[in-house]
Every structure is written in structure tokens, then in C-alpha cells.
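> structure, please.
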Amino acid sequence: MGFILKEAKGKKFTIRFKLFTLITIILLVYIFHRQILEGFGSFLIEQEYQIKNADVILFEEENLLKNSIEKCNLLYQENNCKEVWIIRLPMKQYIIPEEKINKLFKEVFDSLGYKFNYRYFFFNLEHPYTYNKSSVIVDSLKKYGYNKVLILTNAFHSKRTLSVYRKLLLPYGINVFCSVYYTDYNSGDWWNSAEGVRNIVSEYLKLIYYWLKGYL
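Okay, the predicted model is just below:
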């Protein structure tokens, strides 16, 4: 402590003090790197709330993951939902026509023994995808008179998605809640995979962009 005070007395910090500070920061980052990385990932994940009797589930599904479909079915049963809206965005890797994707969804649901009412939305929109598809969904929700919406989406996409929906829906008196599912990584290990690092960094860049553009 005395060393720090002595070095800080002058108008300018000495090279020795700067080096000491840098080494201290590096050591702290090394010691707490896991907690820092977990916090970095957790920031993107919206907190889930227990709700009852949602009108509709907006199911943002990308890869037909069994765990996400199972969670969708559980939420559908618990909330006495009227239906599920399956929402997909255009991706370059989609080489299967929309009609076949819809059929594939039905086959997966049937194989798991799930029976629920659903509508299928496949968007062909320009960037920003999340904001533009949310705007289209808003019109559909108003058309059907749904006032309580539950979004089921990828955990690391949830903060941006929920923020966009709330900004668009709350002015119409439509309440929005969120539930999440995970893919091959979570907040405790996303940095161990190239896909995890790529997606987390990409999501932060998109979050900043949406904030600057006023979409959140």
C-alpha cells in the first residue's frame, strides 16, 4: 500500500507503477477469467419468468433441436396456449424448400408424440432480420387479438429479441414474456467452442447495432 501511495504522489505515474498496475490487472483477469466469461455470456440471456395462460408461444427455432421442441411442448401444456407460432429466418444453409421444412416439423412432432396447434412463419426479409420479422409478427398478433405472448428462443439471442418485441408490442397493451433453450453450449462453457465464441461476439455486435439504431 505504501508503494502505491508513494508512486501516486507525483503528477505523473512512474514506469514502475504502470508496470505494477498492468501485472495486477493481468493476474486478476487470469484468476477470475471464468467468472468474467460467464458474466459476459449471461448478460445476453434474459431472465425467465413463470407465467400462466399465455395466448401464444412464439417459437424461434433454427435447427429442430429435440430439447427446444420438448420445452415448447411443456410450455404449451403448462400455459394452456391456444397455439404455437414457429418462426424461422432465411439462412444461406437452408437448401430445403419451405414446404418440406414444414412437413419435417410435423414429422418430428409426430415422432415425439406432440400434438399442438401451430402456424408456420418463414420470412424472406432484409436486414435487420430480428426487427423486421418482429414487426410483421406484431401485425399478426393484433389481428388475432392475442394479449399475452411467450417467446421461446435461443438463450443468447433472448435479450435482444425480448427487447425488440417489448418495444413493438407494449404500446398495444400486449404483454411479452420470455423462455429460453440452449444449443451445444451455455453461459458456463461457450468460450470452449469456435461456434460459441463466434455467436456470442456476433450477438454483442448486433446488440450494440440495435441499441444505436433505436430498435431496443
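> and the strands in this structure?
Counting by DSSP state E, the chain has these strands, from start to end: 56-60, 83-88, 118-122, 148-154, 175-181.
> how far off strand 83-88 does the first one point, in degrees?
This means strand 56-60. 20 degrees (axes from the mean of the first three to the mean of the last three Cα atoms, to 10 degrees).
> for strand 56-60, which strands pair with it and how are they oriented?
Using DSSP bridges, the strands paired with strand 56-60 are strand 83-88 (parallel), strand 148-154 (parallel).
> just the angle between it and strand 175-181, please?
Going by the same axes, to 10 degrees, strand 56-60 makes 40 degrees with strand 175-181.
> who's in contact with Phe43?
Going by Cβ atoms under 8 Å, 6 or more residues apart in numbering, Phe43 touches Lys159. Just so you know, the C-beta spots here come from the backbone N, C-alpha and C atoms, and that holds for glycine as well.
> now do stretch 199-212: distance to the chain's middle.
A distance of 11 Å separates the centroid of the chain from that of stretch 199-212, by Cα atoms, centre = their mean, to the nearest Å.
> could you give the number of residues near Ile200?
Using other Cβ atoms under 10 Å, Ile200 has 20 neighbouring residues.
> which non-adjacent residue is nearest it?
Trp190 (5.5 Å; Cβ to Cβ, 6 or more residues apart in numbering).
> pLDDT score assigned to the nearest residue to Val138 once chain neighbours are set aside?
The shortest distance from Val138 to any non-neighbouring residue, by Cβ to Cβ, 6+ apart, is to Leu168 (4.9 Å). As predicted, Leu168 sits at a pLDDT of 90.
> hmm, Ser135 and Leu168 touching each other?
Yes: in terms of Cβ atoms under 8 Å, Leu168 counts as a neighbour of Ser135; the distance is 6.4 Å.
> in stretch 107-125, which residues are buried?
109, 114, 118, 120-122 (16 or more other Cβ atoms under 10 Å).
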